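Enquirer: I would like the atomic coordinates for the input below:
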Amino acid sequence: MHKVELLAEAFNLDSVKLNIENGCDAVYIGDELKNFSIDELNKSVEYAHNRGKKVYVSLNKIPHENDINKIKKYIKALIDTGIDAIVVIEPGMLTIVRDVCEYITIHLSDQANVTNYETAIFWHNQGVKRVIVSKELSCEEIGQIRLKSPIDMEIEALVHGSLFISHSGRKLLSNFLKGKNADKNKTINSKKYSLVEEKRPGKYFPVCEDERGTFLFNTEDLCMIEYIPELIKCGITSLRIDGRMKDDEYVAVAVKAYRKAIDEFYANPNSWKFNSIWLDDLNKLNNRNFTSGFYLDNPDKDE
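Expert: Purely as a prediction, here's the structure:
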């Protein structure tokens, strides 16, 4: 049986250290190193590698013509730090990364919407080592992708955190709600914005804006800690904890809980039992309900 990777988002150097101390195998850092300087990224990579852990950097960006030279310099600086992989979203960025460095490992973002094995194999043939599958897949569907894809192709899946259901590359909150063009280097405090569907009173859809654009989130957070055996047995390589709309402490607590659940499974794969204490720990820092998303079945109209 393969050993699954536990992956968690890190917001800064302290977050990298906290996540690793609590048991994650790898950390990923969001676009444009919002809270990282290159020097801090160097320190993060050194800290992780000294402990046998990995660091990935996400470049979920669709470049315009005047972005390309700047992006190439940025990618070169990233690779020089010794990061373990770069996450891309589209073919152009994949080509740009390969132009800068032939050997760097490339992962494909879930925003590329991999929902079947044919798509997964296509990207693998383009040099992608890992595909991050769509959040709309069930364990059964992921298992089919694993079964029909090359054995050396890795599969990553989101298992815990906020679920965004729509994304725009535009600064919608700044541009439209405030009635002016947004400075690309500034974002507004988006946590106070939410949408409410008239037919479902009390169900709030948070709207978050950052350097990547605007995200509309589900009313509930994904939590799959009760289903660790199902996730591992369907062939997922890496279980990801997302930190959007959360803080360092929350992600670290989630890492610790999932670490315990995963280790318990490998210690007793045939008699693994869910421990409600793990969920209690997660609920202490969470004010939103949890959902299993699409993993077990298609959600009904009220989810």
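Enquirer: what are the contacting residues of the strand or helix carrying residue 118?
Expert: Following DSSP states H and E, one finds residue 118 within helix 117-125. Here helix 117-125 makes contact (C-beta atoms under 8 Å, 6 or more residues apart in numbering) with 108, 112-114, 131, 133, 144-145, 147-150, 153, 155. From N, CA and C alone the C-beta is placed, and that goes for glycine too.
Enquirer: pLDDT-wise, which helix or strand of the chain ranks last?
Expert: helix 172 (a mean of 61; mean pLDDT, DSSP states H and E).
Enquirer: residue ranges in the stretch 201-303 of the chain under the pLDDT threshold?
Expert: Low-confidence segments of the stretch 201-303 of the chain, defined by pLDDT under 70, span residues 201-219, 245, 298-303.
Enquirer: buried sites along the helix ranked longest in the chain?
Expert: Longest helix in the chain, counting residues (DSSP state H): helix 248-267. Neighbour-count burial for helix 248-267 flags 248, 250-262, 264-265 (criterion: 16 or more other C-beta atoms under 10 Å).
Enquirer: from these, which is closest to residue 61?
Expert: The shortest approach to residue 61 among the buried residues of helix 248-267 belongs to residue 251, at 22.7 Å (C-beta to C-beta).
Enquirer: so how far is residue 76 from that closest one?
Expert: Distance of residue 251 to residue 76, computed by C-beta to C-beta, to the nearest Å: 29 Å.
Enquirer: mind listing what the residue nearest the centre of the chain touches?
Expert: In the chain, the C-alpha nearest the mean C-alpha coordinate belongs to residue 242, at 5.0 Å (C-alpha atoms, centre = their mean). By C-beta under 8 Å, 6+ apart, the residues touching residue 242 are 9, 158, 160, 161, 162, 222.
Enquirer: same question, residue 295
Expert: 137, 138, 139, 224, 227, 230, 231 are the contacts of residue 295 under C-beta under 8 Å, 6+ apart.
Enquirer: related to what we said a few turns ago, what does the longest helix of the chain contact?
Expert: Under C-beta under 8 Å, 6+ apart, the answer for helix 248-267 is 1, 3-4, 6, 8-12, 14-15, 18-19, 21-24, 159-161, 225, 228-229, 232, 239, 241, 243, 272-275, 278-279, 281-282, 284-286.
Enquirer: okay, and which of those residues map to strands?
Expert: 6, 8, 9, 10, 159, 160, 161, 239, 241 (DSSP state E).
Enquirer: okay if I get the residues you listed as CSV plus distance to residue 65?
Expert: As requested, those are exported to CSV (distance: C-beta to C-beta, whole Å):
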residue, distance to residue 65
6, 39
8, 35
9, 30
10, 32
159, 37
160, 38
161, 34
239, 37
241, 36
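Enquirer: residue 126 touches residue 91, doesn't it?
Expert: Yes - here residue 126 reaches residue 91: they are 7.4 Å apart, a contact under C-beta atoms under 8 Å.
Enquirer: how many neighbours does residue 224 have?
Expert: Taking other C-beta atoms under 10 Å as the neighbour definition, residue 224 ends up with a count of 22.
Enquirer: got the contact list for it?
Expert: Per C-beta under 8 Å, 6+ apart, neighbours of residue 224: 159, 160, 231, 239, 292, 293, 295.
Enquirer: ok, so what distance separates residue 277 from residue 132?
Expert: According to C-beta to C-beta, residue 277 stands 30 Å off from residue 132.
Enquirer: which one of the two has more residues nearby?
Expert: residue 132 (25 against 10).
Enquirer: not counting the helix or strand that contains that one itself, show me its contacts.
Expert: Using DSSP H and E, the element containing residue 132 is strand 130-132. Strand 130-132 is touched from outside by 85, 87, 105-110, 112, 114, 120, 123-124, 153-158, 237-238, 240, with contacts defined as C-beta under 8 Å, 6+ apart.
Enquirer: if we go to 6 Å?
Expert: Strand 130-132 is contacted from outside by 107, 108, 109, 110, 114, 120, 123, 154, 156, using C-beta atoms under 6 Å, 6 or more residues apart in numbering.
Enquirer: quick one: the third one and residue 89 touch, right?
Expert: Meaning residue 109. Yes - using C-beta atoms under 6 Å, residue 109 is in contact with residue 89, at 4.3 Å.
Enquirer: still on that earlier bit, what's the closest non-adjacent residue to the residue nearest to the centre of the chain?
Expert: The shortest distance from residue 242 to any non-neighbouring residue, by C-beta to C-beta, 6 or more residues apart in numbering, is to residue 161 (3.1 Å).
Enquirer: pull the number of nearby residues for that neighbour.
Expert: Neighbour count for residue 161, taken as other C-beta under 10 Å: 22.
Enquirer: pLDDT below threshold where in the stretch 1-150 of the chain?
Expert: 31-34.
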